[in-house]
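> Okay, here's the prediction I keep looking at, along with the sequence it came from:
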Amino acid sequence: MSNKITVANRKMYKTLEEVVFFCDRLKNELEALSNTNAVWTIIIAPALVYLDVCVAFFEDMPQVHIAAQTCSSHQQWAYTGEVSATMLASLWVDRVIVWHSERRAYFAESGNTVTQKIQQAHNASLWIIYCCGEPEKNNDQSCYITQEITTELLPVLAQLDEDKLLIAYEPRWAIWTWKIPDQQHIELAFELIWNTHEKMSDVKFLYGGSVTPDNSYELYTYMWIDWFLIGGASLEVESFLEISS
């Protein structure tokens, strides 16, 4: 049975009390499911201030990993508010999301900055969850735009071990819009990404963008998709588990 991979990107939501409630319920549900034949990896990416709380909750569950939503492009210096990949690793965080569409849109992260972040994460032995996807104005030009995406990927792949890389295709126009690309669009995107480099043979592919319990069943039947990067539907245990399982 193939290993399903579900990433919960919880963004800037929830209080400490709500995070503890979520983790407690999720852990109980996963323990109840431990005797089933389900094989999956769950990656939880909470807000920065809750990373250590989540690590402590799931330290005895090897199928659950904690990821940061971003990291600094620098190892250390007088950069107020920044958190380095080395700091994340010292908290037993073992994965990091890089270049999520919201980081591109709201923080104007450039390719050069992201390359530096990936190098820092690689040096700290963190897994990379690399996000890519076209903006809305190009959502009908999947072939052309996705080829641009693969050009961005080449310098990334040159730095990384493929067994520590997850690639999430998340068309930016699909996030929070409850619109998803059709099957042909998604499969073409992943095919072009896969053909970028010989290293892709061992890389896991995730789809992200308005994933819900209702559409996840159909999406998983598409070629290339190993599972999902989930945003809004990861905020509640019920919807997150329904998609994950």
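Looks like it came in fine. None of these values were measured; they are calculated from a predicted model.

> Going along the chain, name the helices of this protein.
16-32, 51-57, 85-90, 101-107, 111-123, 142-159, 183-194, 213-219, 237-244 (DSSP state H).

> Give the burial count for Ala78, as a bare number.
6 (other C-beta atoms under 10 Å). All C-beta spots, glycine's among them, are computed from the backbone N, C-alpha and C.

> need the helices of the chain in CSV with mean neighbour count, distance to Lys4 and mean pLDDT, can you?
What follows is the helices of the chain, written out as CSV (neighbours: other C-beta atoms under 10 Å; distance: least, C-beta to C-beta, whole Å; pLDDT from 0 to 100):
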stretch, mean neighbour count, distance to Lys4, mean pLDDT
helix 16-32, 15, 13, 95
helix 51-57, 18, 20, 97
helix 85-90, 19, 25, 98
helix 101-107, 16, 23, 88
helix 111-123, 18, 24, 89
helix 142-159, 16, 23, 63
helix 183-194, 18, 16, 84
helix 213-219, 14, 11, 92
helix 237-244, 19, 7, 93
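
> Of all the ones you listed, which one comes closest to His74?
helix 111-123 (7.1 Å; C-beta to C-beta).

> Can you say which of the helices of the chain is nearest to Thr70?
helix 101-107 (6.0 Å).

> Check the offset of the closest one from the chain's centre.
15 Å (C-alpha atoms, centre = their mean, to the nearest Å).

> Mind listing residues that contact it?
Lys11, Thr70, Glu109, Cys131, Gly133, Glu170, Arg172, Ile175 (C-beta atoms under 8 Å, 6 or more residues apart in numbering).

> OK, contacts around the residue lying farthest from the centre of the chain?
Centroid-distance maximum for the chain: Ala78 at 28.5 Å, with C-alpha atoms, centre = their mean. Shown in contact with Ala78 (C-beta under 8 Å, 6+ apart): no residues.

> Distance check, it against Ser125.
Ala78 sits 25 Å away from Ser125, going by C-beta to C-beta, to the nearest Å.

> that older thread, which one among the contacts of helix 101-107 gets closest to Thr221?
Distances from Thr221 to the contacts of helix 101-107, taken by C-beta to C-beta, are shortest for Glu170, at 18.9 Å.

> Pop out the phi and psi values for the closest one.
phi -140, psi 90 (degrees, to the nearest 10).

> one step back: any chance of JSON lines for the contacts of helix 101-107, columns neighbour count?
Shown next, in JSON lines, are these (neighbours: other C-beta atoms under 10 Å):
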{"residue": "Lys11", "neighbour count": "16"}
{"residue": "Thr70", "neighbour count": "24"}
{"residue": "Glu109", "neighbour count": "18"}
{"residue": "Cys131", "neighbour count": "24"}
{"residue": "Gly133", "neighbour count": "26"}
{"residue": "Glu170", "neighbour count": "24"}
{"residue": "Arg172", "neighbour count": "21"}
{"residue": "Ile175", "neighbour count": "21"}
